[in-house]
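**Student:** how would this look folded up:
(chains A, B, C and D, ligands or ions: 2)
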Amino acid sequence: MRFGVVIFPGSNCEQDVIRATHYLGFESEYIWHGDTDISGFDAIVLPGGFSYGDYIRTGAVARFSPVMAEVVRFAEKGGPVLGICNGFQILTEAHMLPGAMLRNRGLKFICKTVNLRVEESACQWVDTQAGSVIQIPINHNEGNFVCDAETLAALNANGQVVLRYVEADGSTAPGGSAPNGSLDDIAGICNERGNVFGLMPHPERVVDPITGGTDGQPFFTTIVQRLAEVAG
Amino acid sequence: MITIEPLAEDLAPKLAVELGLKPDEYEKVVEILGRRPTITELYMYSLMWSEHCSYKHSRKALRMFPTSGPHVLQGPGENAGVIGVGDGWAVAFKMESHNHPSAIEPYQGAATGVGGIIRDIFTMGARPIASLNSLRFGTLDKPRQRYLFEGAVAGIGGYGNCLGVPTVGGEVYFEEAYEGNCLINAMSLGVMREDEIIRAVAAGPGNLVLLIGSTTGRDGIGGASVLASQEFDERAEDKRPAVQVGDPFEEKLLIEACLELLGQELLVGLGDLGAAGLTSSASEMASRGGVGLDIDVLKIPAREDEMKAFEFMVSESQERMLAVVEPGNLEAAQAICTKWGLRSTVIGTVTDTERFVVREGDEIVADMPASTLAHDAPIYDPAMTRPAYLDEVQAFDPLTLALPTEPADLGATLLRLLASPNICSRRWIWEQYDHQVILNTVVLPGSDAAVLRIGDEGRGIAVSSDCNGRYCYLDPYVGAQIALAEASRNVACAGGTPAAITDCLNFGNPEKPEVFWTFYESIRGLADACKEWGIPVISGNVSFYNESFGSPIYPTPTVGLVGVMDDVTKHATASFKDAGDVVFLIGESLEELGGSEYLKVAHGMVAGRPPALDLGLEGDVQGSVREAIGAGIIKSAHDCSEGGIAVSLAESCIAGRIGADVHLHDGLHPTASLFGETQSRIVATVADTDAEQFVTILLEHDVPYGVIGTVGGDSLKICERLDVSVEKLAGAFEPTLERLVAGEFASEELREG
Amino acid sequence: MARYEIYVTYKKGIFDPPGATAERALVNLGYEGVHEVKIGKYIRMEADADLSVVSEMCEKLLANPVIEEYRIELVGEA
Amino acid sequence: MARYEIYVTYKKGIFDPPGATAERALVNLGYEGVHEVKIGKYIRMEADADLSVVSEMCEKLLANPVIEEYRIELVGEA
Ligand SMILES: Nc1ncnc2c1ncn2[C@@H]1O[C@H](COP(=O)(O)OP(=O)(O)O)[C@@H](O)[C@H]1O
Ligand SMILES: [Mg+2]
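**Tutor:** Ligands and ions are numbered 1, 2, ... in the order given. Below you'll find the model as predicted:
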């Protein structure tokens, strides 16, 4: 089982993902954005950062990297793809996930630990019990998710909403609990099949307890178990 | 061979003065060249001999600093200092000011300040792992000040976040004295293996000079001399073109490419282009290597048309690096730059002439002994006189004021102090900074010092930046020592052992005897304390001419201290933990209200003598707490600084969301007891089962201490003097900054003042 | 070589945070009568390409069809 | 009520990183003949104010006179 972590120019969380997966005892290696061969990887991670400086729009340029064509193919074959923060933004720009990202409502960059409710979903990357509340840091300037009404309805109907911003007790504040203004408090979504997953929070930051917690561990362990079962 | 074209006899001296050279400095240039300078030469000398680049007023005083010690691998003189932190790991760090550009355009000024200090770090071969920022503004009731504050914070975050270098700490004060001249001091740290240290040296005649990174435009022309070396006043308007726009994406690519080039040993030397641009980095690299350089400006990728030779040489376009490469390695080196999407251009060669020759095609536009630019600037012995205001302010005795004694008044005063912009929570700032990326941050902002792990074998460092300008205004010698004392006390509270410091010395016009006296006294105080505690100064920066409309800022010698930790898991934070924990006060309280936040908030005064500092006691107090943290028995440690012990206790309650019940048997006036800012005090808690062991440690270190109470309940009770719920304390402490800037973001004289 | 100007704006119904904030700020500044402030992108370029190619650039990179619409103007020769 | 369109761009000589990045990206996408890409702001608003007042808004808030310049167009009544 090997994670492949893509480095785009301007990515800056790639070594964090490598460090977190190694901490959990998993194999993981970098993939250069110019590469066109990603065979030999069982799961692909698009890490956080500011690919191409976030210029024009977040993820707008990275989406055209040679490696992305391969990632699309990999996902179509059912391969698991995880997009964290900028990785999530790239997935929406690449139309591998619906919707788009706007500037945070307050127009400020936000770095802080937030409460997230794990929803009942088709996502292959999490099997944390639906309804449980976890703490993971967010760290972004453009995490304000939007999509049209039909898309939102579909996301909810198909169990594609994986994570929502909530209050400490799991409830939703009147007017919403998203610190960034995100539509319907959405923090993470997956495709219908559940193999492509994008989230704004940074699970890799809370894997090794010395950096503040362990709530991020399931986001890497679950997929490993799943793939192991499939392999039988 | 085309003969060089000096400036006309009548024009040269005039232009020299316009560019900031003093008449005798101009004469020295003529003497060195043996002729009148060309326009390019004149620009190059005027910038290299400006205060900002030559330290001509401060150099002598700086010699007072101790610069060597067991940890020091590289002292002052390079782009950054370097210390060893164990297991072969080395940490490079430095602090630098970007005050004047930020006062014109806060976002870009602060952003490019961060960019500049980070280039200094990876130029040494270190990977940048953290930044801190030390900020000073006027009071936030002024729209212009809110604009500067919001812009600077956004710029620091905007640049550092994009690079993926966490901003893990800093400090900020709001004082009238900084209203016309904000301070933006940025500190950066990088990590490498001890054997990977690189020095910015050009060597090997025949080697190639490679310019890497962004194109060169007219932006920031004359930035160094014009902005940083003249008094900053209403004329600032005309200097607007000197503002530069930063490109953090380009800088991120530079970090990766340069570290890869160094890792593969493809470079002979590497230097960054900062103040005075190509002139500065090229001449410094040449003089360090005792070689000459031959550069053709027409080879430099230009951002604009018809740029003059001198514009290429002094442009401060950001995100550029200068490398020296052996011809045989050129192809490999450029391949790496291309891989990272970076421009790289050979613009000249290293020669054995020791002369710096600049060509524009086949015309020679400058030809001077390379070392004279970096090393022959005149060195001054500025006159000094003790400022007249000192006797007056120091004579004031705060105890002559009507001071509150009633619990209700004392409680209200505590809440006012907690809500004061100089004490309140800085959360609003650090939540705009990525303070976690690279996964080394063990103690996040909000405690005393930031703690970072180094490598995966459990080593770490603790970092803090501090300076109370008010103390330095009331007594520069003691004030500067307190800056160091507080930085190392913060580090001690986290469990670190001070290893070395960097500094950023922000002062007014050094040509004013009273200003220079405060500068000299600050350095003398800092140097004496450094020697007493064995803490060397390994890098730093001097920023003079921080004045506007004629009055200097408070003397502000900011200290950035790095402490080492052999076991990073053995650290402490400021928050109270569990009910029943025993509260200790280490150190003793004196009747000291001079220069306190209480005096400012309650009486609108900045007067009196700053708290006294006993260097021996301070060292012992820190040592005892450090040892107890190492022994693993400390559950919380927080020092007493602005606002005194009452604020310190309140901050620990708020951070832990739990109360405490304490008694102070100090026999002082209640106000002095609660809010006096006596130094060398730390509030620490331990589980009651560990109290005995802690006492043993305190006795061994022979420090005064008191067992003052226990953690628990939902309010802070201090004797019969005050009783306030943690809820209320937090309500005063937390929202202040957000409130002061919220919605006000756009307001009348936004950019005017 | 032709000179183009491209105007990228949010589609109707998409909330525009910078625009909304600017509007509030202007009102705070005392400019009551300000409404419907929308902030988009104003892109200028010189290109050896005709309009159809430029709109291709917009579809692909310069705008995000999911939330944005764009208008291209040929403003002259370079 | 008048409708205004405001074009905010960097002053001459000020570097425009987003524009430079867009240009490189377009070239990489195969659009060789693209040059001088500059990305500015395109602001639309309705306001009960005449041109002089709107330029005041630009000076104070909508543009940063230190590094940006702006052009205002009155495009009609709302
Ligand atoms: N400008 C800033 N940027 C980031 N962190 C800051 C800044 N100012 C203060 N902090 C953080 O807020 C906390 C309290 O700061 P301060 O009151 O200066 O602490 P102390 O009094 O112990 O020096 C520290 O963790 C400090 O690093
Ligand atoms: Mg402290």
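
**Student:** Please report how far residue B:411 lies from chain C.
**Tutor:** Counting by CB to the nearest CB, to the nearest Å, the gap from residue B:411 to chain C is 35 Å. The way it works is simple: take the backbone N, C-alpha and C, and place the C-beta from them, glycine included.

**Student:** right, I mislabeled it, should have said residue A:92
**Tutor:** Remark: distance between residue A:92 and chain C (CB to the nearest CB) = 8 Å.

**Student:** again, but for residue B:582
**Tutor:** 50 Å.

**Student:** Nearest residue to that residue in space, please, no chain neighbours.
**Tutor:** Leaving aside its sequence neighbours, residue B:582 sits nearest to residue B:691 (CB to CB, 6 or more residues apart in numbering or on different chains; 4.8 Å).

**Student:** Need the per-residue pLDDT for that neighbour.
**Tutor:** Residue B:691 is assigned a predicted lDDT (pLDDT) of 98.

**Student:** Where does it sit: helix, strand or coil?
**Tutor:** Three-state call for residue B:691 (DSSP: H, G, I helix; E, B strand; the rest coil): helix.

**Student:** Relative to chain D, which residue of chain A is the closest?
**Tutor:** Residue nearest to chain D within chain A: residue A:55 (4.0 Å; CB to the nearest CB).

**Student:** Isn't that residue up against residue D:21?
**Tutor:** Yes - here residue A:55 reaches residue D:21: they are 4.1 Å apart, a contact under CB atoms under 8 Å.

**Student:** The residue of chain A closest to chain D: neighbouring residues, count only.
**Tutor:** Summarising burial for residue A:55: neighbours were counted as other CB atoms under 10 Å in any protein chain shown, giving 23.

**Student:** quick one on the thing from earlier: and the residue nearest to residue B:582, how many neighbours?
**Tutor:** Residues lying near residue B:691 (other CB under 10 Å) number 16.

**Student:** quick one, helices of the chain?
**Tutor:** As the question left the chain open, I've gone with chain A. Assigned by DSSP state H, chain A shows helices spanning A:14-23, A:66-76, A:86-93, A:149-157, A:218-231.

**Student:** I was thinking of chain C, sorry if that wasn't clear
**Tutor:** All helices of chain C, identified by DSSP H, fall at C:17-28, C:51-57.

**Student:** Okay, buried residues for the first one please.
**Tutor:** By neighbour count, and taking 16 or more other CB atoms under 10 Å in any protein chain shown as the criterion, the buried residues in helix C:17-28 are C:17, C:18, C:19, C:20, C:21, C:22, C:23, C:25, C:26.

**Student:** can you tell me which residues contact the fourth one?
**Tutor:** Residues near residue C:20 by CB atoms under 8 Å, 6 or more residues apart in numbering or on different chains: residue C:37.

**Student:** quick one: which of the helices of chain C is nearest ligand 1?
**Tutor:** Ligand 1 lies closest to helix C:17-28 among these, at 23.3 Å (CB to the nearest ligand atom).

**Student:** picking up where we left off before, could you export the buried residues of helix C:17-28 as JSON lines, including pLDDT?
**Tutor:** Shown next, in JSON lines, are these (pLDDT from 0 to 100):
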{"residue": "C:17", "pLDDT": "92"}
{"residue": "C:18", "pLDDT": "93"}
{"residue": "C:19", "pLDDT": "94"}
{"residue": "C:20", "pLDDT": "92"}
{"residue": "C:21", "pLDDT": "91"}
{"residue": "C:22", "pLDDT": "93"}
{"residue": "C:23", "pLDDT": "93"}
{"residue": "C:25", "pLDDT": "89"}
{"residue": "C:26", "pLDDT": "92"}
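
**Student:** will you turn these into CSV that also has distance to ligand 2?
**Tutor:** Shown next, in CSV, are the buried residues of helix C:17-28 (distance: CB to the ion, whole Å):
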residue, distance to ligand 2
C:17, 36
C:18, 38
C:19, 42
C:20, 39
C:21, 35
C:22, 39
C:23, 42
C:25, 36
C:26, 41
